[in-house]
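Q: My questions are about this predicted structure, shown below with the sequence.
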Amino acid sequence: MTDTAATAGNIPSGRAAGTGAAPLTTADGQPLKVALRRANRRARRNAMLLVAPLFLFLLFTYTIPIVQMMTRSVMNPEIAGYLPNTTEAIEDWDGEGLPGEAVFAAMVKDLNAGGRSTIGRVAARLNAELPGARSTMMGSMRAAEDLQAPFKEALIADDDDWGEQRIWRLIKRETRTLTPAYYLRALDFEYNQDGEVVARPPSMQVYRAIFWQTAWMSALITFLTILLGYPVAHLLATLPLKSANLLMILVLLPFWTSLLVRTSAWIVLLQQNGVVNELLVFLHIVDDDGRIRMIYNRIGTIVAMTHILLPFMILPLYSVMKTIPPSLTRAARSMGATPLRAHLTVYFPLTIPGLAAGVLLVFILAIGYYITPALVGGESGVFISNLIADRMTGSLSQLRLALALATILLVGVLVFYWLFNRLVGVERLKFG
Amino acid sequence: MLKQIALGTTISVVALSAAMAQDTLTIVSWGGAYSMSQLKAYDEPYTEKTGVEILHEDKSNQALAGIRSQVEAGNVSWDLVDMLQADAQRACDEGLLVEIPHDEWLAPAPDGTPPTEDFIDGTLGDCFVPQILYATMFAYNTDAFPDGGPQTIADVWDLEKFPGTRALEKIPQKNLEWALIADGVPSDEVYDVLATKEGQDRAFAKLDSIKDHLIWWDAGAQPPQLLADGEVTIATAYNGRIFNAAVNEGQPFEIMWDGQMFEVDGWVVPVDTGDEDAIKEYLNFATDTQRLADQAKYISYAPARKSSVDLVGNFWKEEGGKMVETDIDMKPHMPTTPENFKNAIQFDTEFWADYGDALEERFNAWLSS
């Protein structure tokens, strides 16, 4: 009532200002509009100052590193930067036969001018595409000082790999300073001798399969958490408060326990001489030689991750189910719906915001998981993060490959989020 | 009053650490028994002699990535890093390491032989000074084979005569070489064969033939554990680890001295790090003939200098926090002892620098298939 009065009281003055009468002023004679704008600006600035620390924190620890990661994954400065003469000379070569004397002379000049570290980086770059190119390059660097014109014959005499077209085509191709080469590799493609993009030989294909495995295993884990978590959340939401609280502790206790501890607990349970296998042998369900391999493979990863991610499904589901009045289902039942029908048509649709939030949380967490697959995944149960970590400790080109893999993973998650948003609508979600 | 004391203490601690900053060296190594052997053989005598304090960090398993990120960030805090020769080669090629003029920096042998001749052939690198030579080889649990264990690499592939699971390291290096040897390739041709597509196919096919009987380890402490638990009957391992388990813990392990691959491990100096003179002095001391021989008292890795071999004595064991000399002669346990060394193969770091990336990819693809 007072609100209405206040609004009503303001209307005449607003109208007066609008119709061009003398503008309203504050007590110190400023026009009201100006004073208001100034006050608003101050409030906005203060609000900005409050979020500034968080904003800066995110900028420096999140945005900048990610942008850097993406740029580095396409950077290719080695050949153009450290073989400047060759880069210039090879531009005129049409890629047929062998390049002319001018290119060989430029190469010798670059080999002489460059130090060990610069030529070493060029060698590492070339070697990533053409195994063996490293020692060709490094060997000729050591010999370059003594080489005499004509350089074409001299270089080929030093190492006959220089007489092969492929190394020169590779150098010509990689003179560009940006390259998609690491992305091609991350998706199991490569350049063939003619510079066309082709699939890598089957024995070398690894990343696409692991990306796919990461996706389907994460989806399966998400599904299993729904299967196990939905009834538990329902129970939590409908039990009397006292027993519900006790049950809630049982959900939260593992949630608060260290990830490593929970993963190790699964190792104790599932290994060949572990609790489960001992029990099965004791009960004569399997004999001593037929112990089941339940860990260090996909089963291990799926079981342990389902357990670890379960609370992320239960908690949003619970918070939504808690708000659904039980009277709705009862109303449906009273109008003749079977329990199943009442559940499917009344209760279930109301839980979708929580379910969708759980799916989003669990799937996105799962797809980037590292430590659990590393500990219990063995060889068959690894995720793409494990390969990324593996590559990061290798050579420089392996590091860039890791960056490309990580970028693809990030883009994959964003695409999933976009799709999910289109299908479910993120604004409908309730996280808790 | 209390506040004053606290303040006083803080100031003196700060002053002390500032004064010490001149007199410390940060050394990165592998940790465990290996770091302990360096501590006893190099660091303690060096601190006693010069007063320089040695700080240890156990980060060698990430040495390459660590040096790279420190050099890129322009903030190098490691003075000396203990590294495998193959990684040192990569880092050196990338320009992350100081090139070391061996004869200028290092001490000659007691008889005056210059370092370049005293170190075992092919172990010095442009940026690398070796300390020890170690072998990776197959070892087995004697309890599993009462009638005698495997004697050759080919025996390892013989599942009928020597049943049981085998544990291999989860890397292509060495495993592919052994697969070729088991397939009948003479050991001096292994790397030539492995450089060809056919040779690689052959090696992977041979590994594939026992894939169902393999499990994989990735830390050096695992194989003795796996052998002791009976999870595997044969495992590849570093000779020092098996020695330790067999001699110190009395485990029934036997080393198979056939086709073992030896490698060297040693020092590198990252570029743009601290006081070069201090590093040079330590490096000179820590890699001289006596120090390398001393190290072999504490761990069964062989000194990288020829002149150290005769000085290797008995094994020293830790008892009640003190090192005590035992009556175990270390010489027969050295990977360089002639009877152990006859079928040894030198691990080819050049080959792996060239083909490592490609073969690692293929190895990963094969593992997960």
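A: All right, it came through fine. Because the structure is predicted, anything quoted here is derived from the model rather than measured.

Q: residues near the closest residue in space to A:Ala144 that isn't next to it in sequence, how many?
A: Nearest in space to A:Ala144, with sequence neighbours left out and distances taken as CB to CB, 6 or more residues apart in numbering or on different chains, is A:Leu111 at 3.8 Å. C-betas here are computed from N, CA, C, even on glycine. By other CB atoms under 10 Å in any protein chain shown, the residues close to A:Leu111 number 23.

Q: pretty sure A:Leu111 is touching A:Val122, no?
A: No - using CB atoms under 8 Å, A:Leu111 makes no contact with A:Val122, being 9.3 Å away.

Q: In chain A, what residue lies closest to chain B?
A: Residue of chain A nearest chain B, by CB to the nearest CB: A:Ser117 (2.0 Å).

Q: That residue: neighbouring residues, count only.
A: A:Ser117 has 16 neighbours, counted by other CB under 10 Å.

Q: likewise A:Ile364?
A: Neighbour number of A:Ile364 under other CB under 10 Å is 16.

Q: returning to that earlier point: how far away is the residue nearest to A:Ala144 from A:Ala102?
A: As judged by CB to CB, to the nearest Å, A:Leu111 and A:Ala102 stand 15 Å apart.

Q: Any regions of chain B where pLDDT drops low?
A: For chain B, the stretches flagged by pLDDT under 70 are B:1-22.

Q: State the number of residues packed around the single nearest residue of it relative to chain A.
A: Chain A sits closest to B:Gly95 of chain B, with a gap of 2.0 Å, by CB to the nearest CB. Other residues near B:Gly95 number 17, with proximity taken as other CB under 10 Å.

Q: Contact partners for it?
A: A:Gly115, A:Arg116, A:Ser117, A:Thr118, A:Gly120, A:Arg121, B:Val271 (CB atoms under 8 Å, 6 or more residues apart in numbering or on different chains).

Q: Would you mind listing which of those residues are buried?
A: Those of the contacts of B:Gly95 that meet the buried threshold are A:Arg116, A:Ser117, A:Thr118, A:Gly120, A:Arg121, B:Val271, by 16 or more other CB atoms under 10 Å in any protein chain shown.

Q: how about the closest residue to B:Leu39 other than its chain neighbours, phi and psi?
A: Nearest residue to B:Leu39, sequence neighbours excluded (CB to CB, 6+ apart): B:His56, at 7.2 Å. Here is the backbone geometry of B:His56 (degrees, to the nearest 10): phi -100, psi 140.

Q: Quickly list what B:His56 is bridged to.
A: Judged by DSSP bridges, the bridge partners of B:His56 are B:Ile27.

Q: can you count the residues close to it?
A: 17.

Q: Now do the contacts for the closest residue to A:Arg185 other than its chain neighbours.
A: Closest residue to A:Arg185 apart from its sequence neighbours, by CB to CB, 6+ apart: A:Leu401 at 5.6 Å. By CB under 8 Å, 6+ apart, A:Leu401 lies in contact with A:Tyr182, A:Arg185, A:Ala186, A:Arg391.

Q: Setting aside sequence neighbours, what's the nearest residue to the first one?
A: So that's A:Tyr182. Leaving out its chain neighbours, the residue that sits closest to A:Tyr182 by CB to CB, 6+ apart is A:Ala404, at 3.9 Å.

Q: quick one: that neighbour from A:Ala215, how far?
A: For A:Ala404, the distance to A:Ala215 - CB to CB - is 18 Å.

Q: re the thing from before, quick one: the residue nearest to A:Ala144 and A:Tyr82, what's the gap?
A: 10 Å.

Q: do B:Ala365 as well
A: On the measure of CB to CB, B:Ala365 and A:Tyr82 end up 31 Å apart.

Q: now do A:Ala124
A: Distance of A:Ala124 to A:Tyr82, given as CB to CB: 11 Å.

Q: And A:Tyr370, by the same measure?
A: 35 Å.

Q: cool, and B:Asn244?
A: Distance, B:Asn244 to A:Tyr82, using CB to CB: 46 Å.

Q: Likewise for B:Asp147?
A: B:Asp147 is 61 Å from A:Tyr82, by CB to CB.

Q: Kindly report the same for A:Ala143.
A: 18 Å.

Q: Tell me which of those two has more neighbours.
A: A:Tyr82 (21 against 16).

Q: Which neighbouring residues are in contact with that one, exactly?
A: Contacts of A:Tyr82 by CB under 8 Å, 6+ apart are A:Asp110, A:Gly114, A:Thr118, A:Ile119, A:Arg121, A:Val122.

Q: and the strand ranked longest in chain B with chain A, contact?
A: Identified as the longest strand of chain B according to DSSP state E is strand B:253-268. No - applying CB under 8 Å from any CB of the partner chain, one finds strand B:253-268 out of contact with chain A, separated by at least 13.8 Å.

Q: and that strand, which strands flank it?
A: strand B:80-84 (antiparallel), strand B:129-141 (antiparallel), strand B:345-346 (parallel).

Q: With mean neighbour count and distance to A:Ala237 added, can I get those in CSV?
A: Output for the strands paired with strand B:253-268, formatted as CSV (neighbours: other CB atoms under 10 Å in any protein chain shown; distance: least, CB to CB, whole Å):
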stretch, mean neighbour count, distance to A:Ala237
strand B:80-84, 24, 57
strand B:129-141, 25, 55
strand B:345-346, 18, 66
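
Q: Break the chain into its domains for me.
A: In the absence of a named chain, this looks at chain A. Using automatic domain parsing, the domain parsing of chain A gives A:30-62, A:78-177, A:207-428.

Q: Correction: the question concerned chain B.
A: Split by automatic domain parsing, chain B gives B:2-133+B:264-338, B:134-263+B:342-368.

Q: and the end-to-end length of the shortest one?
A: Think domain B:134-263+B:342-368. End-to-end span of domain B:134-263+B:342-368 (CA to CA, to the nearest Å): 30 Å.

Q: Give the residues shared as contacts by A:Leu111 and A:Tyr82.
A: Common neighbours of A:Leu111 and A:Tyr82, counting by CB under 8 Å, 6+ apart, are A:Ile119.

Q: Quick check: residues of the stretch 51-200 of chain B near chain A?
A: So far as CB under 8 Å from any CB goes, the stretch 51-200 of chain B lies against chain A at B:62, B:64-65, B:68, B:90, B:92-96, B:99, B:126, B:170, B:195.

Q: Show me the two of those that sit farthest apart.
A: B:Glu99 and B:Lys170 (32.7 Å; CB to CB).

Q: What are the boundaries of the strands in chain B?
A: Using DSSP E, the strands of chain B run over B:24-28, B:53-57, B:80-84, B:129-141, B:166-169, B:214-217, B:234-238, B:253-268, B:302-303, B:314-319, B:322-329, B:345-346.

Q: Tell me how far the second one lies from the chain's centre.
A: A distance of 19 Å separates the C-alpha centroid of strand B:53-57 from that of its chain, computed with CA atoms, centre = their mean, to the nearest Å.

Q: center of chain B, which residue is that?
A: When CA atoms, centre = their mean is applied to chain B, the residue found nearest the centroid is B:Asp265 (4.7 Å).

Q: Just grab the bridge partners of that residue for me.
A: B:Leu84, B:Ile132.

Q: Might you list the low-confidence residue ranges for the stretch 301-432 of chain A?
A: Residues of the stretch 301-432 of chain A that meet the cut-off, pLDDT under 70, sit at A:432.

Q: Can you pull the residues of it lying near chain B?
A: A:378-380, A:382, A:387, A:390, A:392-399.

Q: Would you mind naming what in the stretch 51-200 of chain A lies close to chain B?
A: A:115-118, A:120-121, A:123-124, A:127-128, A:131-135, A:138.

Q: Quickly name whichever of those is closest to B:Asn343.
A: A:Ser135 (26.8 Å).

Q: Please name the nearest non-neighbouring residue to that closest one.
A: B:Asp354 is the one closest to A:Ser135 (CB to CB, 6+ apart), at 5.3 Å.
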